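Asker: Okay, sequence plus prediction incoming.
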Amino acid sequence: MALQQFGLIGLAVMGENLALNIERHGFSLTVYNRTAEKTEAFMADRAQGKNIVPAYSLEDFVASLERPRRILVMVKAGGPVDAVVEQLKPLLDPGDLIIDGGNSLFTDTERRVKDLEALGLGFMGMGVSGGEEGALNGPSLMPGGTQAAYEAVEPIVRSIAAQVDDGPCVTYIGPGGSGHYVKMVHNGIEYGDMQLIAEAYDLLKSVVGLNASELHQVFSDWNETPELNSFLIEITADIFTKLDDLGTGQPLVELILDAAGQKGTGRWTVETALEIGVAIPTIIAAVNARILSSIKTERQAASEILSGPIAEPFSGDRQALIDSIRDALYCSKICSYAQGMALLAKASQVYNYSLNLGELARIWKGGCIIRAGFLNKIKQAYDADPTLANLLLAPEFRQTILDRQVAWRRVIAIAAERGIPVPAFSASLDYFDSYRRDRLPQNLTQAQRDYFGAHTYERTDRSGTFHAQWF
Ligand code: 6PG
């Protein structure tokens, strides 16, 4: 039997879809799954007639692949990745390459890279975004590892990735765990986007009083604007058209329990940002919002005891408020991306990843969950100035916020007056106001630290370190 060009382990839906995508682009492959039934079912159904062969032992799997072998592992992050790697290690030859396409923690990837490279094997951590549909028809791919490892898979990843006007949505990210780091921050930004959209929905529903079909219309209109055109706005518009099919006839979204789940990538983004000292308040607000939403029973009990302000129904210009909410959403989104990109810039220094921020914005233009027309503006901002300290300083975004900040502030004020939580809108505005202010009140913080702990302070009018006798 001729040797296969590529191997894939793990036939959950992402693995199956990637296998079909790879095969459709002309690469032969062998697939393996821990449980043989899954492989059999795949072969009998979706893989039928395709250039895909099954293997029912890892020995047969490895033996079926051309050398150096290229093996994509699509199993659950954490222990299962280690288990597969450990099983593969004794079967592989120097030069063979394992690619982990799951949402692995970047520090795990760093560890695996070191471990395998010491054995002469290659290991690549590759972020894969776009969900099931993306995996099948074109994801955004974020491969990190050695340049040589990338070159070994470049023809495959370039052909299976989503294609946009300026190329495939894949690029060599950088060394070590950089691919998974970038994917993690992508997900943090995804959390921010989703929370900002949820807050806009809450205001449109609770203040403007829009029903599902009006919400559908507003989000559809927003999706036509160059600022907000994006996958997440598009699916939001769609969601409002779906009626319950269990007999109530109501919009399904209104019957869904308001308790958000999370698998960890948002929290990891927060953890790394705190660790390396980058402020990402919008993304933190998004993670907190999911946590607070998940204590549903406690919130229900609290709602009986704690009341908010009493507000008259909104009687102003509804269209004007809808437009202001759109502006608030866009300004907040800019701040959220500014934070995510600032985090990537700092991580690039701390971990020596040599990230190209403009190129990251480019590969997120298609295929991934945060894909949006807006990413082209981010790419252009970094192309114009690769050393840009913060996205807020780019002329395009600076002007947008100047033009829309009155609306943005008004929306947050209305929400506060009416007791509607808008944690990500507010965190974004606070980020903007903190970043743009020459003087913040942390002079007082420094005075307090020196007062109670002799932690010393610097002065604005002379250099050196000082300590005062406060009492
Ligand atoms: C993607 C998604 C994908 C997945 C997240 C969801 O880029 O395709 O981010 O990776 O949907 O893991 O994460 P939560 O379950 O934490 O929302």
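Answerer: Okay, I see it. Numbering: from 1, shown residues only.
Asker: In this structure, what residue lies closest to the ligand?
Answerer: When scored by C-beta to the nearest ligand atom, the chain has S129 as its residue closest to the ligand, at 3.1 Å. Any C-beta I mention is one placed from the backbone N, CA and C, and that applies to glycine too.
Asker: Tell me if I'm right that that residue and I369 touch.
Answerer: Yes: using C-beta atoms under 8 Å, S129 is in contact with I369, at 5.7 Å.
Asker: more crowded one of these two?
Answerer: Shown here are S129 and I369; by other C-beta atoms under 10 Å, S129 has more neighbours (25 against 22).
Asker: what's the neighbour count on N51?
Answerer: With other C-beta under 10 Å as criterion, N51 counts 14.
Asker: joint contacts of S129 and I369?
Answerer: Residues touching both S129 and I369 (C-beta atoms under 8 Å, 6 or more residues apart in numbering): H186.
Asker: if we can go back for a sec, just list whatever residues bridge to the residue of the chain closest to the ligand.
Answerer: Bridge pairing for S129 (DSSP bridges) gives the partners S140.
Asker: which residues touch it?
Answerer: S129 is in contact with 139-142, 183, 186-187, 364, 367-370, counting by C-beta under 8 Å, 6+ apart.
Asker: May I see the residues you listed organised as a markdown table, with pLDDT and distance to A302 added?
Answerer: Listed next are the contacts of S129 as a markdown table, based on pLDDT from 0 to 100; distance: C-beta to C-beta, whole Å:
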| residue | pLDDT | distance to A302 |
| --- | --- | --- |
| P139 | 98 | 41 |
| S140 | 98 | 40 |
| L141 | 98 | 44 |
| M142 | 98 | 41 |
| K183 | 98 | 36 |
| H186 | 98 | 34 |
| N187 | 98 | 30 |
| W364 | 98 | 38 |
| G367 | 97 | 41 |
| C368 | 97 | 37 |
| I369 | 98 | 32 |
| I370 | 98 | 33 |
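Asker: The ligand next: which of the residues you listed are close?
Answerer: With C-beta under 6 Å from any ligand atom as the criterion, the contacts of S129 include 187, 368-369 near the ligand.
Asker: Which of those fall in helices?
Answerer: N187 (DSSP state H).
Asker: Could you grab the helix/strand/coil label for T30?
Answerer: Of the three states, T30 takes strand under DSSP: H, G, I helix; E, B strand; the rest coil.
Asker: Please look at it and I52 and confirm they touch.
Answerer: Yes: using C-beta under 8 Å, T30 is in contact with I52, at 7.5 Å.
Asker: if I look at the residue of the chain closest to the ligand, how far off is N187?
Answerer: 8 Å (C-beta to C-beta, to the nearest Å).
Asker: residues in this structure within reach of the ligand, list them.
Answerer: Close to the ligand, as judged by C-beta under 6 Å from any ligand atom, the chain has residues 103, 129-131, 187, 190, 261-263, 265-266, 368-369.
Asker: What residues sit buried inside the helix or strand encompassing M43?
Answerer: Mapping M43 onto the secondary structure by DSSP states H and E places it in helix 36-44. Neighbour-count burial for helix 36-44, counted by 16 or more other C-beta atoms under 10 Å, picks out 38-39, 42-43.
Asker: Just put the residues you listed in CSV and tack on pLDDT.
Answerer: What follows is the buried residues of helix 36-44, written out as CSV (pLDDT from 0 to 100):
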residue, pLDDT
K38, 98
T39, 98
F42, 98
M43, 98
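Asker: Adding distance to E199, write those out as CSV.
Answerer: Output for the buried residues of helix 36-44, formatted as CSV (distance: C-beta to C-beta, whole Å):
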residue, distance to E199
K38, 40
T39, 44
F42, 41
M43, 46
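Asker: Widest-spaced pair of those residues?
Answerer: Using C-beta to C-beta, the two most remote members of these are K38 and M43, lying 9.8 Å apart.
Asker: and N33, what does it touch?
Answerer: So N33 contacts 9-11, 15, 39, 42 (C-beta under 8 Å, 6+ apart).
Asker: what's the closest of the residues you listed to D115?
Answerer: For the contacts of N33, the nearest to D115 is I9 (17.7 Å; C-beta to C-beta).
Asker: Check the secondary structure at M142 for me.
Answerer: strand.
Asker: Is the residue lying closest to it once chain neighbours are set aside part of a helix or strand, or is it coil?
Answerer: Nearest non-adjacent residue to M142, counting by C-beta to C-beta, 6 or more residues apart in numbering: G127, 3.3 Å away. Following three-state DSSP, we place G127 in the strand state.
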